[in-house]
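# With the sequence up front, the predicted model follows.
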Amino acid sequence: MEDRVAAGMDSKGALLHRLLKLTNRLMAPFSTHLAHRYRISLNEFRLLMTIGALGRTASHEVAEMTGVNVMSVSRAVATLQRHGRVKVERDPANRRRKWLTLTTEGQHLYEVMRPQSEKVADYLFSEMVDSDLAALEGLVERLISRLEARDDSGRSVFLEATKPDEDEA
């Protein structure tokens with residue numbers, strides 16, 4: 001089936017399709033084992049795991065670290081806060097900054113979910129040798145850097161380069 005999809009694309013398009021498939025497959029354990037059981041969305045999970053790993057962080061830092069857009073981070077924070085999983089405090093020195101920390105409930109959930117995340121990583125990478133892992137890490141970092149690049153005006157080079165032509169819009 002995948003070969004039929006890839007047949008209609010150039011090699012870069014086919015590779016992008018496989019990367020998207022990889023991303024979707026990586027989410028299967030989350031949706032199968034965690035999402036329904038703990039009533040948590042993917043973005044909420046990603047934020048919970050990031051805040052849990054850092055201990056305390058600002059919401060804009062979470063957006064940057066996870067690649068989740070600021071509006072989605074804001075919605076996920078509001079839901080996590082409503083469910084008693086995250087505590088939000090305004091920074092008295094900078095009223096626009098919101099500090100995020102896990103509540104006792106959030107910390108418990110983090111401790112339950114972290115081993116599940118590690119299981120996924122262990123399964124995915126267990127048959128790869130260290131040199132392959134290092135090469136993959138380097139490639140992933142290069143791709144992320146390319147996607148996060150900004151022009152002199154602060155605009156995303158990626159979004160500007162992939163904008164539809166005016167006649168396509």
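It's in.

# all contacts plus neighbour counts: C-alpha atoms, from now on.
Noted.

# measure residue 13 to residue 140 for me?
Separation of residue 13 from residue 140 (C-alpha to C-alpha, to the nearest Å): 17 Å.

# for residue 66, same thing?
From residue 66 to residue 140 the distance is 14 Å (C-alpha to C-alpha).

# Go through the protein and flag its longest strand.
strand 94-102 (DSSP state E).

# quick one: contacts of it?
Residues outside strand 94-102 that contact it (C-alpha atoms under 8 Å, 6 or more residues apart in numbering) are 48, 51-52, 55-60, 85-91.

# if you average pLDDT over that strand, what comes out?
The average of the pLDDT scores along strand 94-102 is 90.

# can you pull the buried residues of that strand?
97, 98, 99, 100, 101, 102 (16 or more other C-alpha atoms under 10 Å).

# Please name the strands paired to it in the sheet, noting orientation.
strand 57-58 (antiparallel), strand 86-91 (antiparallel) (DSSP bridges).

# Which is the succeeding secondary structure element to it?
helix 104-125 (DSSP states H and E).

# and the angle for that next one with strand 86-91?
Counting by axes from the mean of the first three to the mean of the last three C-alpha atoms, to 10 degrees, helix 104-125 lies at 110 degrees to strand 86-91.
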